[in-house]
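K.L.:
model this:
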Amino acid sequence: MEKVLVTGGGGFLGRAIVKQLLHKKIRVTSFSRGRYQALEQMGVDQIQGDLTDAQAVMAAVNGMDTVFHVAAKPGLWGSYDSYYRVNVTGTRHVIDACRAQGVDKLVYTSSPSVVFNDSHMENVDESVPYPDTYLAPYPKTKAMAEKLVRKASEQGFLSIILRPHLIWGPEDNHLVPGIIKRAGKLKMVGPTDDLVDTIYVDNAAWAHILAAEKLEQNPELSGRIYFISQDEPVSKWQMANAFLKAAGLPPVKGHVSAGVAYAAGWFFETVYKALRIQKEPPMTRFAARELATSHWFDITRAKKDLGYYPKISTQEGLKQLEQYLSRKNQTHLKN
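P.N.:
Below you'll find the model as predicted:
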């Protein structure tokens, strides 16, 4: 790797990948909808554009030898079309641009949610099939995008697909802030002892760079999918409480059944759609199912093929998160 493009380089995971690439003295360009001061301070070339703009993507890919396609529309609420345009059409534009510009390596960031079948997933590996139906547009469109990458690989295009689960750490702008924002209002859903996988952001970034390096060394890995995690399943409520503790907040109290949460999700979705409310509902059917089930994965393939292991333990990651949140709080108080 000499010249690398990271789509979504200003985002949480994208920025972590950028930092590690720069540490390796690799020239990095970020392609994002906005411009980011943090990237400017790191000396990263920034191209401002939208994944839905094929010409913009084509121009961004020009001259690159490797692309990390990290950008996506996340979340659990929004129109299907808005997810499709970014996650599916955007990924198609990236693949088409790579082919047209002669870029021969792509690492695609997917999600374990593409195979979530609304039930417990315990120690499953990459052979688990896609479900027939999805309860939200995010997992559905990410699955469609993943299939586009797989199809391109079957046609000779070199790519690897990674499925990180519940990425967290300092500078997180989604998972940890969402839990902190709901402090005092959160309730445990379903079983309290079910397990989930998570992954610290720097471990996820390192896995992406490993994938690109191994793909260059071993092209026969092209088209393969890898779950990546801390390799340490934990209770989701134990992890949520650890995030709250890092922020100096009290733990989650109270409990609702899986059935009640699902019914609430159905109710909120119905009302929000009828009233065309844009913000995310307090509960959705997909969230209710995820919160009430175990989902952790066998990462043997990633260990064997990529040499991946979690370099930063969950305990060390939580310590770094607590330090970050403390600094952030102190800065906020000064201002």
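K.L.:
surely residue 161 forms part of a strand?
P.N.:
Yes: assessed by DSSP: H, G, I helix; E, B strand; the rest coil, residue 161 belongs to a strand.
K.L.:
which residues does it contact?
P.N.:
Contacts for residue 161 (CB atoms under 8 Å, 6 or more residues apart in numbering) come out as 108, 110, 146, 149, 150, 223, 224, 225, 226. Any C-beta I mention is one placed from the backbone N, CA and C, and that applies to glycine too.
K.L.:
what about stretch 273-281, start to end distance?
P.N.:
Start-to-end span of stretch 273-281 (CA to CA, to the nearest Å) is 10 Å.
K.L.:
any idea of the mean pLDDT in that stretch?
P.N.:
If you average the pLDDT over stretch 273-281, you get 90.
K.L.:
which stretches in the stretch 201-335 of the chain count as helices?
P.N.:
For the stretch 201-335 of the chain, helices defined by DSSP state H, counting those that start in this stretch occupy the ranges 201-217, 236-246, 258-275, 285-291, 300-301, 314-334.
K.L.:
which helices and strands sit right next to the last one?
P.N.:
Translated: helix 314-334. Using 3 or more CB pairs under 8 Å, 6 or more residues apart in numbering; DSSP states H and E as the contact test, the elements touching helix 314-334 are helix 236-246.
K.L.:
dump the helices of the stretch 201-335 of the chain into CSV; add distance to residue 29 and mean neighbour count as well.
P.N.:
Shown next, in CSV, are the helices of the stretch 201-335 of the chain (distance: least, CB to CB, whole Å; neighbours: other CB atoms under 10 Å):
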stretch, distance to residue 29, mean neighbour count
helix 201-217, 15, 22
helix 236-246, 33, 20
helix 258-275, 38, 15
helix 285-291, 34, 23
helix 300-301, 30, 16
helix 314-334, 27, 14
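K.L.:
which of the ones you listed sits closest to residue 64?
P.N.:
helix 201-217 (11.7 Å; CB to CB).
K.L.:
just checking, what packs against the closest one?
P.N.:
Using 3+ CB pairs under 8 Å, 6+ apart: helix 201-217 touches helix 12-23, strand 66-69, strand 106-109, strand 159-164, strand 167-168, strand 225-228.
K.L.:
wait, which of the ones you listed is closest to residue 4?
P.N.:
Closest of these to residue 4 is strand 66-69, at 4.8 Å (criterion: CB to CB).
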